[in-house]
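Student: Sequence first, then the predicted structure, then my questions.
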Amino acid sequence: MREADRLVLLRLLRAIVQGALVVDFALYLRGLDWDGRSIGMLLASSLAVGLAMTAVAGPLSDRIGRRGLMLGFHALLALAAVLALVADDFTLVVAAILAQYGRSSNGSAGPFGPVEQAWLADLTPAPARRRQFARNSAAGFLGMAIGGLLAAITPVRMVFLVALLTSLVGAALVARLPDPTRPAATRRKPEPPSPAERQKLRRLAFANTLLGLGTGLTGPLLAYWFAVRFGHGPASIGPVIAASFAAAAGASILAGRMAERLGTLPVVVGMRLAGLAMLLALPFAPGFATAAALTVLRSLCNRGTNGTRQALSVSLVGETRRGAAAAINTLSLALPRVAGPAIAGALFEAGYLRAPFLLAAGFQAAYLAVYAWSFRNEPAARPAARAAGATPTAAPRLG
């Protein structure tokens, strides 16, 4: 197995736990008499703390390496699982904040996701990067699908035990991966991005801010919405969430291949426009089956582009700044999401079950317009044959 594929396997394992808790965690808290507003505030607080860690972890990994930070992340996951197994209100709050429980992050390393993205780019030659990131994203979606099914048949406390075991296996995998050799000058002082790179990153951050505002209003409390709107529990909601991620896994592989032939922008914009139509229809669904079908189709169209977009973001800068670029990509998506669960939870509690979806649709439409304009001339977004004629970036030497 290639080194980059070990990171893909690691994402698959983490995604199984995350997929189960996307279904179970909010419903578990509801069963402990937490209301929608309280659940939304906890998820928002968890995102806020995660952002603070993300701002430090990505750029720091460009200086000191990826392996040590990722080992620390898996230690945090293990601690969170132990605290969740204690299962009083305080330890659940701490566990949710440490491990981002209930967040639909598709198997990523949460606050340390930029470190992992940069590491995957380090281990993958530039011409293969779009396809490798698509596989990585697909593995996350497949794990989320397995986790959604797990939630339908497994008590949530058993999921916390699986989370503990997964964190230990993850640490063992990370410990065996090679870390790129960094120039001594980079270890002493980070190399700043060029003016052209800064402009690209500003455009990426602005587009992602719009997307994050949209996804934060719907994703974290989707299972809760199904429960309130249709009166269904984990046994029904779990398979829907599982199917949505399974569809996204296949779409991710297809999107990566299509992007190599057609370019990144036609694939991302085309698929996400279709997803936007599903988002607008979802809150008006007359019954559970229709809402479930729309959720699966929307996931296929939207989440299927994740790997392709990540491959573009880490290709906007030189190799010594990939961690910082991945951190900007993650932060600009996640920061606007902080308010989303709290706003959506309050709206749901007040009986406005359609409003978060309609607000989200407006933000996502604006995102597509900005994203398409910002990267219309970017070499890394071109079809593979044309991008090869631009300035390729070789993978760094591994030590």
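Tutor: That came through, no problem. Numbering: from 1, shown residues only.
Student: Need the residue closest to the centroid of the chain.
Tutor: S105 (3.4 Å; C-alpha atoms, centre = their mean).
Student: Give the burial count for the residue nearest to that residue when sequence neighbours are not counted, as a bare number.
Tutor: Take S105 and drop its neighbours on the chain: the residue closest to it by C-beta to C-beta, 6 or more residues apart in numbering is Q18, 6.1 Å away. Placement of C-beta: from N, CA and C, glycine included. By other C-beta atoms under 10 Å, the residues close to Q18 number 30.
Student: Next up, the contacts around Q18.
Tutor: Q18 is in contact with R103, S104, S105, N106, G107, G143, M144, G147, counting by C-beta atoms under 8 Å, 6 or more residues apart in numbering.
Student: now those in TSV, with distance to P195 and pLDDT?
Tutor: Below are the contacts of Q18 laid out as TSV (distance: C-beta to C-beta, whole Å; pLDDT from 0 to 100):
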residue	distance to P195	pLDDT
R103	35	71
S104	36	65
S105	32	74
N106	33	77
G107	35	82
G143	40	90
M144	39	86
G147	43	87
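Student: In helices only, show me those residues.
Tutor: Counting by DSSP state H, the part of the contacts of Q18 found in helices is G143, M144, G147.
Student: Among those residues, pick out the one closest to L211, please.
Tutor: M144 (18.9 Å; C-beta to C-beta).
Student: wait, the closest one sits on S105?
Tutor: No. Taking contacts as C-beta atoms under 8 Å, M144 lies outside contact range of S105: 9.1 Å.
Student: I'd like the distance between P114 and A121.
Tutor: 11 Å (C-beta to C-beta, to the nearest Å).
Student: Ok, L331 next?
Tutor: 17 Å.
Student: circling back to that earlier point, three-state assignment of the residue nearest to S105?
Tutor: helix (DSSP: H, G, I helix; E, B strand; the rest coil).
Student: quick one, what contacts the closest residue in space to A325 that isn't next to it in sequence?
Tutor: Closest residue to A325 apart from its sequence neighbours, by C-beta to C-beta, 6+ apart: V317 at 4.5 Å. Taking C-beta under 8 Å, 6+ apart, we find V317 in contact with P193, E197, K200, L201, A324, A325.
Student: one more time with 6 Å
Tutor: P193, E197, A325 (C-beta atoms under 6 Å, 6 or more residues apart in numbering).
Student: Now H74: which helix or strand?
Tutor: If you go by DSSP states H and E, H74 is part of helix 67-86.
Student: Packing partners of that helix?
Tutor: helix 89-99, helix 156-175 (3 or more C-beta pairs under 6 Å, 6 or more residues apart in numbering; DSSP states H and E).
Student: before we move on, back to that, confirm that the residue nearest to A325 sits in a helix.
Tutor: No. Judged by three-state DSSP, V317 forms no part of a helix; its state is coil.
Student: Next one, pLDDT for it please.
Tutor: pLDDT recorded at V317 is 82.
Student: Likewise for E3?
Tutor: 85.
Student: So it is in contact with T124, correct?
Tutor: No. The pair E3 / T124 is not scored as a contact, 9.2 Å apart, by C-beta atoms under 6 Å.
Student: Which residue of the two possesses the greater neighbour count?
Tutor: T124 (24 against 15).
Student: Give me the pLDDT for the closest residue to that one other than its chain neighbours.
Tutor: Residue nearest to T124 in three dimensions, not counting chain neighbours: Q132, with 4.5 Å by C-beta to C-beta, 6+ apart. Per-residue confidence for Q132 comes out at a pLDDT of 89.
Student: Q132 and D122 touch, don't they?
Tutor: No. Under the criterion of C-beta under 6 Å, Q132 makes no contact with D122, lying 11.4 Å away.
Student: check which helix or strand covers S299.
Tutor: Going by DSSP H and E, S299 is part of helix 288-303.
Student: Any buried residues in that helix, and which?
Tutor: 288, 291-303 (16 or more other C-beta atoms under 10 Å).
Student: Next: stretch 40-58.
Tutor: 40-47, 50-51, 53-55, 57-58.
Student: now swap in stretch 243-258 and tell me
Tutor: Along stretch 243-258, the positions that meet the burial threshold by neighbour count (16+ other C-beta under 10 Å) are 243-249, 251-256, 258.
Student: if we can go back for a sec, so which of the contacts of V317 belong to helices?
Tutor: E197, A325.
Student: ok, the contacts of V317 vs D24, which is closest?
Tutor: A325 (33.8 Å).
Student: For A247, see how far away the closest one is.
Tutor: 29 Å.
Student: about what we covered before: higher neighbour count, Q132 and D122?
Tutor: D122 (25 against 22).
Student: surely the more buried one meets P180?
Tutor: Yes. Between D122 and P180 a contact is recorded at 4.4 Å, counting by C-beta under 6 Å.
Student: hey, which helix or strand in this structure has the poorest pLDDT?
Tutor: Lowest by mean pLDDT, DSSP states H and E among the helices and strands of the chain is helix 184-188, with a mean of 49.
Student: so how many other residues sit close to Q310?
Tutor: Neighbour tally, Q310, other C-beta under 10 Å: 24.
Student: could you list every residue that touches it?
Tutor: Q310 neighbours (C-beta under 6 Å, 6+ apart): Q117, F133.
Student: can you pull the pLDDT of it?
Tutor: On pLDDT, Q310 comes in at 85.
Student: 557 is where my numbering starts, stick with that
Tutor: That works, and once the first residue is 557, the last one we named lands at Q866.
Student: For it, pull up the helix or strand it's in.
Tutor: Here Q866 is assigned to helix 862-870, by DSSP H and E.
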